[in-house]
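S.K.: when you get a sec, could you give me coordinates for this:
(one chain, ligands or ions: 1)
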Amino acid sequence: MQHTFAGSPLNSCQNERRDEVFVSTFLEDRRSRILPVLANGKILVDDQISSSSIRPPAQLRWLSLQEFDFQFMKESKSDVADSPSDGVVFLGVLNEIGHFAGLVQKDLSASDLLRFVSLRSLFYRLDSKELAIAGQASVLIKWREVTRFCSECGSALISKAGGFRLDCPNVRALESDPKQQNSSCSKVQVGCGAQNFPRVDPAVIMLITDGSRCVLASRPRRVGSMYSVLAGFVSPGESIEEAVRRETFEEIGLRVGEVRYHSSQPWMVGPHFAQLMVGCICWVLSGEENRELLVDAKELKDARWFSPEEAVIGLDNAKHVPAASDETFRVPPDTAIAHHLIRYFVESISKPQLPLRKSC
Ligand SMILES: [Zn+2]
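M.R.: You can find the predicted model right below:
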């Protein structure tokens, strides 16, 4: 299953991009295209303002590298750029054409039809492949913006591998180690030289079931009566299964046994811009299905068991954009992996051949 933000058609050329000549060739190619991105991750699109509730289609606004320099870089020179290409990330190649994302410090879009917009506002308005590219561009530019200095020595980092690596320049020339003058290993590296790679923050998102019902929860700041599956970040040294069991016990007090992987989704929306949501189906241990849910009030407004019939109503209501005052029960829209975990639960119940088993 391929979720929103996955499925970019670009070949990111992870091996070739280590060669600076390879990336430079595309920077000098007049056919190359660049997508302007603000430091906050907003993307430049050809947009249409609509007063109706219908979402008008949008398109990514690709520029030539010359257009990008002319329109944005002269007026809005990035103060973190150490070289002309430092605020530019090589996203990859499609049909032999290089695709880049370019950091823009100020929103200089002058037209109502040409605007920087958030990724969230592009749901259902961009082609899924374009949305995947927009997500990549947004996360890489935001990562560059929040990773400006070496965490070990404080030096300003330098973009390498077309922006997929940030190196500390604090590496002096190799020097002789006086203790090993007669050794073949007499050369030592001096300085920091730390390398930083793009952030990916793993989080678990899990549908909890007893084999016939599922647990859904609402969060304090959610609009209306939105119920979703539980989720949480994986802690250092923790497996996916351990994270699922810990988060479930912390948030609703139930003990989980079997945990099974379902699918995953990169998620760039919101303050945690580099999440990889690892979707799981998990079964509570035998006897837990009758236990009262101990809802963590700091994290959740409510949590309870839902039947498949109730979940179907939530899925149906997720098709419509709710008004601010709408208290209709719904689950997240189909842009979120949570929607598909809940749908999988409903379809598994109605189709016994799918592996949703009773707890044991
Ligand atoms: Zn350093």
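
S.K.: let me see the ranges of the strands in the stretch 201-350 of the chain.
M.R.: For the stretch 201-350 of the chain, strands defined by DSSP state E, counting those that start in this stretch occupy the ranges 201-209, 214-218, 225-226, 230-233, 256-267, 275-284, 302-306, 329-330.

S.K.: kindly reformat those as CSV containing mean pLDDT, mean neighbour count and distance to the ion.
M.R.: (Glycine included, C-beta is placed from N, CA and C.) Listed next are these as CSV, based on pLDDT from 0 to 100; neighbours: other CB atoms under 10 Å; distance: least, CB to the ion, whole Å:
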stretch, mean pLDDT, mean neighbour count, distance to the ion
strand 201-209, 98, 23, 22
strand 214-218, 97, 23, 43
strand 225-226, 90, 20, 44
strand 230-233, 97, 20, 27
strand 256-267, 96, 18, 28
strand 275-284, 97, 22, 27
strand 302-306, 96, 17, 45
strand 329-330, 92, 20, 48
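
S.K.: for the ion, see how far away the residue nearest to Gly314 when sequence neighbours are not counted is.
M.R.: What sits nearest to Gly314 in space, not counting adjacent residues and going by CB to CB, 6 or more residues apart in numbering, is Val331, at 3.9 Å. For Val331, the distance to the ion (CB to the ion, to the nearest Å) stands at 46 Å.

S.K.: next, the contact list for Val331, please.
M.R.: Contacts for Val331 (CB atoms under 8 Å, 6 or more residues apart in numbering) come out as 216, 226-228, 311, 314-315, 317-318, 338-339, 342.

S.K.: helices - which of these land there?
M.R.: 311, 314-315, 317, 338-339, 342 (DSSP state H).

S.K.: so which of the residues you listed comes closest to the ion?
M.R.: Ala338 (39.4 Å; CB to the ion).

S.K.: which residues of the stretch 151-300 of the chain lie near the ion?
M.R.: Proximity of the stretch 151-300 of the chain to the ion (CB under 5 Å from the ion) is limited to residues 152-153, 155, 168, 170, 192, 194.

S.K.: ok, so of the contacts of Val331, who is nearest Gln275?
M.R.: Proximity of the contacts of Val331 to Gln275 (CB to CB) peaks at Ala338, which lies at 12.7 Å.

S.K.: what's around the closest one, how many residues?
M.R.: Per other CB atoms under 10 Å, the neighbour tally for Ala338 reads 26.

S.K.: and what of the one 3 residues further on?
M.R.: Residues lying near Leu341 (other CB under 10 Å) number 24.

S.K.: how about the contacts made by Ile97?
M.R.: Taking CB under 8 Å, 6+ apart, one finds 29, 31-33 in contact with Ile97.

S.K.: filter these down to the buried ones, PyMOL style.
M.R.: Per 16 or more other CB atoms under 10 Å, the buried members of those correspond to this PyMOL selection:
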select buried, resi 32+33
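
S.K.: in the stretch 251-360 of the chain, which residue sits nearest the ion?
M.R.: The minimum distance from the stretch 251-360 of the chain to the ion, using CB to the ion, falls at Ala274 (21.5 Å).

S.K.: that residue and Leu63, how far apart?
M.R.: The spacing between Ala274 and Leu63, counted by CB to CB, to the nearest Å, is 25 Å.

S.K.: likewise Arg125?
M.R.: Plainly put, Arg125 is 20 Å away from Leu63 if you go by CB to CB.

S.K.: residues in contact with the helix or strand harbouring Trp143?
M.R.: If you go by DSSP states H and E, Trp143 is part of helix 128-146. Helix 128-146 has contacts (CB under 8 Å, 6+ apart) with 4-10, 35, 37-43, 59-60, 80, 87, 89, 91, 99, 101, 103, 119, 122-123, 126, 159, 163-164, 166, 198-199, 266, 268, 273-274.

S.K.: report the buried residues of that helix.
M.R.: By neighbour count with 16+ other CB under 10 Å, helix 128-146 contains the buried residues 130-145.

S.K.: of all pairs in those residues, which one is the farthest apart?
M.R.: The widest separation within the buried residues of helix 128-146 (CB to CB) is 22.2 Å, between Glu130 and Glu145.

S.K.: re earlier: and which of the ones in helices among the contacts of Val331 is nearest to Glu251?
M.R.: Nearest to Glu251 among these is Ala338, at 14.4 Å by CB to CB.

S.K.: state the pLDDT value of the closest one.
M.R.: The per-residue pLDDT reported for Ala338 equals 98.

S.K.: and Glu327, by the same measure?
M.R.: So Glu327 comes in at 81 (pLDDT).

S.K.: how about the closest residue to it other than its chain neighbours, what does it touch?
M.R.: Residue nearest to Glu327 in three dimensions, not counting chain neighbours: Ser225, with 4.9 Å by CB to CB, 6+ apart. Applying CB under 8 Å, 6+ apart to Ser225 gives the contacts 218, 327-330.

S.K.: hmm, Cys150 is touching Gln195, no?
M.R.: No: counting by CB atoms under 8 Å, Cys150 sits too far from Gln195 to count as a contact (9.8 Å).

S.K.: overlap of the contact sets of the two?
M.R.: Counting by CB under 8 Å, 6+ apart, the residues touching both Cys150 and Gln195 are Cys168.

S.K.: the more surrounded of the two?
M.R.: Taking other CB under 10 Å, Cys150 and Gln195 do not tie; Cys150 has more neighbours (21 against 12).

S.K.: ok so, going back, please pick the buried ones from the contacts of Val331.
M.R.: Neighbour counting by 16+ other CB under 10 Å classes 216, 226-228, 311, 314-315, 317-318, 338-339, 342 among these as buried.

S.K.: lowest average confidence, helix or strand, in this protein?
M.R.: Across the helices and strands of the chain, mean confidence by mean pLDDT, DSSP states H and E is lowest for strand 187-191: a mean of 61.
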